[in-house]
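[1] Sequence unavailable; structure follows:
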């Protein structure tokens, strides 16, 4: 996803002289083409993310369209007050990009994990929260984010994520995309863990359970219409995210459900638990360790279906 | 100006000394009426604000969003009661708008709101350490857009406790942002004690110098000196400008000067009257 981001921002930066790319001393080679194309609009802001976020707000207040890029914890928790005050309260069009969604940097340890970002970003007024499932959604979402008249947080993966969408789907921030149709179960996924949700759906099909899969690339604003539909049609709806169960997509859907008129389906939430994962390992290991693998998801969904 | 000129007032062809005294009177009056604190912090920067808005900044109050305007950020947002008076006097909104000060639903409270809520405000501040990074962004945008406006950020000395001030100082210096200036209202106090004792602030000017800023020190109550320094941006050095303005907290009222109780204290009616007499703006 990083490469797709670099390509797309380079393209968008060529079309729009207001686009400025701010990096927190990472992605040097990644943005070489952007730098060659617009040297005055690429700024390595150093390892000073709180300042970088304020700088971005000041640029946006002056008519530019800044895009801030570094590893997820450093564009969120590291500079949260600047995001809240400088970006959100000023309601300026800053696109905040966090690379290394969820457990993408599992082997780097908890300092580089991000299983709280969706939660803390979505509670900020004015903020849109976007987590593309693949490079296709990333490109579409980045274009939409730069056209949006307010702050957007984009949580993207690392590299090597499989492509989910064979062709460009119809896209709007806040509108879920049906990735696979199905009747009994609906897996609602956000971000880079989509391939796991699709594999879980395949495993469920093998057990005779038809599972629909929805890409909720936008966690805020939440697509209530789509939720209404799937909760009315299915018997089990499960959220799948590489993020804590508290406050992310699952939390958002649970909040929605608490105020929704009576629905048919039961909600399950798959996400990381209330702990820092200190053991090192690959992203796949981390997912298995935290119950975010396709087998575990399929097994638990199947159990829920059978009790309905 | 309907207020009487104090007999001892020095020659002041532009009337700015009288304006400073008048505004100090209004700020003290408003603090009493609306129970708004931070009087000491407001009074220490009145002369800097007046010099900036009445003698230096290139702006048009009738076009507050003009792309070419000079930007002034009150990073020490708790001095908003002073800024609100200055902006009204400068014509961004009528003085009568300040009648709603402190009322429920009013935009005038203790800190500057986001710019879309009040003309003349460049950045919402109140949490310290935010104004300079935003100012760096504005100065960089000016360079990218090939504009010639200048950006000023007024910081308190206590605010220099915040790490983001120094992050921004490093970046502005690396980028040679010579159309950016920081003014430190160095009144030697912060909320609960001496600013040099709570954190190792001294030597403050040397710190800015070491960070690569073209640095000077000035009497923060000398209107002519402040005006000159603020006008010399850019100053030809190719570097951002730091103006360390030595000030007195509570300036202008004998029983408030250098007394940190006035960081939070609200004056009584009787104290308001005494202050106005001292300022030569009673009646």
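    Thanks, I have it. Computed from a predicted structure; not experimentally measured. Numbering: from 1, shown residues only, chains lettered A, B, ... in the order given.
[2] Now do the helices in the stretch 1-150 of chain A.
    With DSSP state H, counting those that start in this stretch, the ranges of helices along the stretch 1-150 of chain A come out as A:2-15, A:32-37, A:49-61, A:72-75, A:80-81, A:117-122, A:135-147.
[3] which residues are in contact with the longest one?
    The one in question is helix A:2-15. With C-beta atoms under 8 Å, 6 or more residues apart in numbering or on different chains as the test, helix A:2-15 has contacts from A:19, A:21, A:27, A:30-31, A:33-34, A:37-38, A:41, A:67, A:69, A:97, A:99, A:135, A:138-139, A:142-143, A:146, A:156-159. The C-beta positions use only the backbone N, C-alpha and C, and glycine is treated the same way.
[4] at 7 Å instead, please
    A:19, A:21, A:30-31, A:33-34, A:37-38, A:41, A:67, A:97, A:99, A:135, A:138-139, A:142-143, A:146, A:156, A:158-159 (C-beta atoms under 7 Å, 6 or more residues apart in numbering or on different chains).
[5] Give me the buried subset of those.
    The neighbour-count test (16 or more other C-beta atoms under 10 Å in any protein chain shown) applied to the contacts of helix A:2-15 identifies A:19, A:21, A:30-31, A:33-34, A:38, A:41, A:67, A:97, A:99, A:135, A:138-139, A:142, A:146, A:156, A:158 as buried.
[6] These also near chain B: which ones?
    Within the set of the buried ones among the contacts of helix A:2-15, contact with chain B (C-beta under 7 Å from any C-beta of the partner chain) is found for residue A:41.
[7] Could you pull up phi and psi at residue A:301?
    With angles defined as degrees, to the nearest 10, residue A:301 sits at phi -70, psi -40.
[8] Next, work out how far apart it and residue A:197 are.
    As judged by C-beta to C-beta, to the nearest Å, residue A:301 and residue A:197 stand 10 Å apart.
[9] so who does residue A:80 touch?
    residue A:120.
[10] What of residue B:199?
    Going by C-beta under 7 Å, 6+ apart, residue B:199 touches residue B:161.
[11] hmm, try it at 10 Å
    When the contact criterion is C-beta atoms under 10 Å, 6 or more residues apart in numbering or on different chains, the partners of residue B:199 are B:157-158, B:160-162, B:190.
[12] same check, this time on residue A:238
    For residue A:238, the contacting residues are A:185-189, A:197, A:200, A:211, A:250, A:253, A:265-270, A:297-298, A:300-301, A:304, by C-beta under 10 Å, 6+ apart.
[13] Among those, name the ones in strands.
    When DSSP state E is applied, the contacts of residue A:238 are split such that A:185-189, A:211, A:266-270 fall in strands.
[14] still on that earlier bit, which of the contacts of residue A:238 are buried, as a PyMOL select command?
    Buried subset of the contacts of residue A:238, written as a PyMOL selection, criterion 16+ other C-beta under 10 Å:
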select buried, chain A and resi 185+186+187+188+189+197+200+211+250+253+265+266+267+268+269+270+297+298+300+301+304
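[15] The contacts of residue A:238: which ones sit near chain B?
    For chain B, no contacts are drawn from those by C-beta under 10 Å from any C-beta of the partner chain.
[16] what's the closest residue to residue A:70 other than its chain neighbours sitting at in phi/psi?
    What sits nearest to residue A:70 in space, not counting adjacent residues and going by C-beta to C-beta, 6 or more residues apart in numbering or on different chains, is residue A:24, at 3.3 Å. Here is the backbone geometry of residue A:24 (degrees, to the nearest 10): phi -90, psi 60.
[17] Can you give me the neighbour number for residue A:24?
    22 (other C-beta atoms under 10 Å in any protein chain shown).
[18] thinking again about what came up before, which of the contacts of residue B:199 tops the neighbour count?
    Using other C-beta under 10 Å as the neighbour test, the contacts of residue B:199 are led by residue B:157, with 27 neighbours.
[19] For residue 246, give me its contacts.
    Answering for chain A, as no chain was given. Residues in contact with residue A:246 (C-beta under 10 Å, 6+ apart) are A:115-116, A:119, A:254, A:269, A:271-274.
[20] please go with chain B instead
    Contacts here follow C-beta under 10 Å, 6+ apart; on that basis residue B:246 touches B:44, B:157, B:184-188, B:204-205, B:217-222.
[21] Got the confidence number for it?
    Here the pLDDT value assigned to residue B:246 is 98.
[22] just to revisit the earlier point, for chain A, tell me which of the contacts of residue B:199 show up nearby.
    Restricting the contacts of residue B:199 to those near chain A by C-beta under 10 Å from any C-beta leaves residue B:162.
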